[in-house]
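Visitor: Following is a predicted model, sequence given first.
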Amino acid sequence: SSRSASPVTTCASLVARSPPLPAYERLQRGLFLSVLLPRCNQTETPDMSGSEDLHVVVQEPQLAPAKAPPTAPSKLPAWLQSRRNKALVATGLLCLLIPAAVVPAVIVSQKKSAQRLANSSSSRAVNQDGTTTLDATTFDDAEPAASNGTIKVPTRTLNKTEPVVRNLTIVPEVPKRFVAIKDGQFDQDCRPLYPTGFNAYELTTLAATGRKGDVDDTFSNAAAMGMTSARTWAHSISELFPFQTSPGEYDENGLKALDYVIDSARRHGIKLVLSFIDNWKYYNGVDQYVDWCGPARTMQLPKDEHGGDTDTRTLPVEQKEYETVRHAVFFREEACKKLYKDNVDFIVNRKNSYNGIVYKNDPTILAWNLINEPRCETWRPENSDCPALVSAWFQEMAEYVKSKDPNHLVTSGSEGFFGQGDPNQGKNPQAWAAQTGQNFVDDNRAMDFAVTHAWPDNWEIPDDQQGGFLREWLNSHLEAAESIGKPLLFEEFGKKLQNPDDAGAISQLRDPVFAATYDAVQSAVGDNRPLLGSMYWKWAAAGFPKGPYGVDLDDSTMRVIKNHANIMHRLVNAIPPRPGCVLPAGPDKELGAWFASASPRAEQRGCVNAPEVSLAYYNLYGPGGTPNATAEELGLSPASVQYATALYTGKVWVYATKADCCRAGGLGAYPRGCTV
């Protein structure tokens with residue numbers, strides 16, 4: 001039902017509180033003047049005679065327009081000749097749109113940039129429950145929202161369609177603020193999430209060394225390209241600012257750097273996967289833990305002058321054997337397990353010094369990695385129990401983390417090698433992979449989702465075989481993940497270049513690897529495989545050596561990444577939250593079906609809520625839906641059915657919250673955010 005302004009409310013106060021109104025090129029017609037003018041006390045109208053830039057276009061209605069009273073048509077043309085009256089018309093239109101709102105039905109081409117969605121009848125207004133009543137709109141001439149063509153939701157959301165119309169029952173749901181697993185995929189705000197992003201372990205170093213602006217720029221640039229996730233460490237890798245200086249003792253300077261990274265990600269709409277501990281770096285890594293919780297050393301650990309990953313291949317044979325056996329102590333000794341658990345307690349209960357949010361209560365965190373790429377190598381006979389040790393350790397720690405932080409997902413952080421005797425052992429890159437102590441299937445049974453990493457260059461896969469290897473590696477892990485009922489995240493992949501600044505090598509060697517990987521991800525999602533998304537290795541952090549895997553903003557690879565990120569992000573925004581999360585509508589509802597109400601370049605930009613579109617969408621395209629059902633058969637408004645169809649065909653986007661719709665930077669409806 002429409003709600004008009006109170007008679008005692010002045011036009012000036014209404015204009016000050018007005019919801020989104022796009023600024024258009026010219027006053028096209030006075031179709032709704034007879035409805036607009038009575039809404040305000042004209043004597044209270046502010047003087048807008050000096051505002052030459054406020055013009056309004058009322059789109060030609062696609063349906064029968066509201067009829068004006070008989071006296072209006074004969075008076076309007078002459079009346080509109082006055083400059084002041086033109087301003088009054090514009091003000092009147094503002095008043096009608098209090099709390100009326102304009103919802104865009106289409107993403108139109110630049111050639112038709114002047115033709116935008118506006119009121120097609122005087123009935124569009126904000127209802128008492130805070131929602132907006134949509135008008136039926138024609139989408140036939142609209143261009144798809146996606147740069148690569150129309151995006152359709154994967155058939156996973158369709159499941160089986162019924163030939164007979166069956167109105168769906170709304171099953172009430174309590175929306176969760178945190179990412180969860182539902183029906184084999186990430187779920188946030190009662191709809192699927194397909195994270196696309198990057199790895200950047202240097203972020204805390206940037207923040208700790210006074211370069212917080214570079215952290216912000218990283219997330220800002222990523223969001224502008226459609227990326228929604230990143231992976232980094234919740235531990236230090238440097239002796240300059242170790243998070244944990246000794247068992248139970250922490251350095252606040254290092255922790256504040258992590259605080260800033262998490263807060264910056266939150267402000268830019270980026271979800272984080274955080275690792276509790278690293279296998280490779282010494283500081284706050286497995287080897288330092290063992291020095292704290294294990295037996296005293298009998299051989300001194302060689303100091304790595306370059307701060308790189310621990311590489312036992314360069315050690316003398318005797319020390320290599322010693323370090324390999326000692327490394328396994330981390331998974332075996334109870335004192336080491338306790339030290340790890342104590343650190344988990346500390347981290348998940350830390351209160352962010354920038355925003356006051358306790359880590360375990362922060363939805364910015366997508367998931368915890370228990371460890372980055374564990375090793376418990378079986379080539380030494382003393383370590384023959386490593387596969388069982390690692391699998392048991394994963395189960396114990398997954399259960400422990402969930403007991404301390406039930407809000408966030410937990411996963412391993414492993415490359416995903418197949419163990420001895422596994423049917424997929426032959427899919428490993430080399431024979432040594434089965435001796436790392438990992439076993440993809442057993443290690444992931446207690447996880448919320450599985451992950452895999454791919455390093456074909458490090459694994460000595462020839463360049464001309466890497467595309468095929470990556471596809472086979474991904475497919476074998478999808479099959480294995482499906483066998484234990486777990487979805488899969490492709491958590492690390494990249495392409496090594498001898499000269500990372502060689503534009504020719506970038507375009508000829510790295511771009512095809514990224515394109516093939518993203519194509520495999522998109523195909524798997526479209527085919528209902530339990531693939532959740534991907535994160536490349538790695539973002540070339542400002543002020544650090546680019547390295548053989550780093551991707552700079554001006555590399556051609558970034559265009560490949562951007563195209564894929566936009567596809568996956570727009571896919572998410574083609575699916576509204578489930579009806580049980582948004583209906584029945586009310587001002588206390590956290591979620592809705594939010595649409596942009598103006599052109600991206602408009603001066604006044606806002607978003608409006610139309611949750612009935614969610615019910616129409618799932619009646620048409622959800623499990624058991626009927627795609628060819630009419631609005632009359634469904635008992636829904638024609639506009640809601642049209643918007644649902646436009647969503648499914650990629651012609652319009654929907655956001656779960658007003659904050660998401662209004663988010664500036666690239667992930668919301670407007671690059672510059674909302675103004676109203």
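Guide: It's in. Residues are numbered from 1 along each chain as shown.

Visitor: Helix or strand: which one has Gly210?
Guide: Following DSSP states H and E, there is no helix or strand that holds Gly210.

Visitor: lowest average confidence, helix or strand, in the protein?
Guide: helix 33-36 (a mean of 22; mean pLDDT, DSSP states H and E).

Visitor: end to end, how far does stretch 443-454 reach?
Guide: 17 Å (C-alpha to C-alpha, to the nearest Å).

Visitor: how much distance is there from stretch 657-665 to the middle of the chain?
Guide: 12 Å (C-alpha atoms, centre = their mean, to the nearest Å).

Visitor: Give the buried residues for stretch 398-416.
Guide: 398, 400-402, 405, 407-416 (16 or more other C-beta atoms under 10 Å). For every residue, glycine as well, the C-beta is placed using N, CA and C.

Visitor: out of those, which are inside strands?
Guide: Leu409, Val410, Thr411 (DSSP state E).

Visitor: Looking at the buried residues of stretch 398-416, spot the one nearest Asn383.
Guide: In terms of C-beta to C-beta, no member of the buried residues of stretch 398-416 lies closer to Asn383 than Ser414, at 16.8 Å.

Visitor: where's the closest one relative to Asp442, distance?
Guide: Noted for Ser414: a distance of 11 Å to Asp442, by C-beta to C-beta, to the nearest Å.

Visitor: Repeat that for Ala433.
Guide: Applying C-beta to C-beta to Ala433 and Asp442 gives a distance of 15 Å.

Visitor: need the helices for the stretch 501-650 of the chain, in chain order.
Guide: Counting by DSSP state H, counting those that start in this stretch, the stretch 501-650 of the chain has helices at residues 503-505, 511-526, 557-572, 579-582, 612-621, 631-634, 638-648.

Visitor: same for the fifth one, what does it pack against?
Guide: Read it as helix 612-621. helix 579-582, helix 631-634, helix 638-648 (3 or more C-beta pairs under 8 Å, 6 or more residues apart in numbering; DSSP states H and E).

Visitor: any chance of those in TSV, plus mean neighbour count, distance to Ile262 and mean pLDDT?
Guide: Formatted as TSV, the helices and strands packed on helix 612-621 follow (neighbours: other C-beta atoms under 10 Å; distance: least, C-beta to C-beta, whole Å; pLDDT from 0 to 100):
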stretch	mean neighbour count	distance to Ile262	mean pLDDT
helix 579-582	25	26	94
helix 631-634	16	43	91
helix 638-648	24	32	93
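
Visitor: Which of those sits closest to Gly533?
Guide: The nearest among the helices and strands packed on helix 612-621, by C-beta to C-beta, is helix 638-648 at 20.6 Å.

Visitor: how about stretch 663-672: buried residues?
Guide: Arg663, Ala664, Gly665, Gly666, Leu667, Gly668, Ala669, Tyr670.

Visitor: Please state the backbone phi and psi of the nearest residue to the last one once chain neighbours are set aside?
Guide: Nearest-residue entry for Tyr670: Arg605, 4.8 Å, with adjacent residues in sequence omitted and distances by C-beta to C-beta, 6 or more residues apart in numbering. Recorded main-chain torsions at Arg605 are phi -120, psi 130, according to degrees, to the nearest 10.

Visitor: What number of residues are in the vicinity of Ser246?
Guide: The tally of other residues near Ser246 (other C-beta atoms under 10 Å) stands at 9.

Visitor: Perfect, that will be all.
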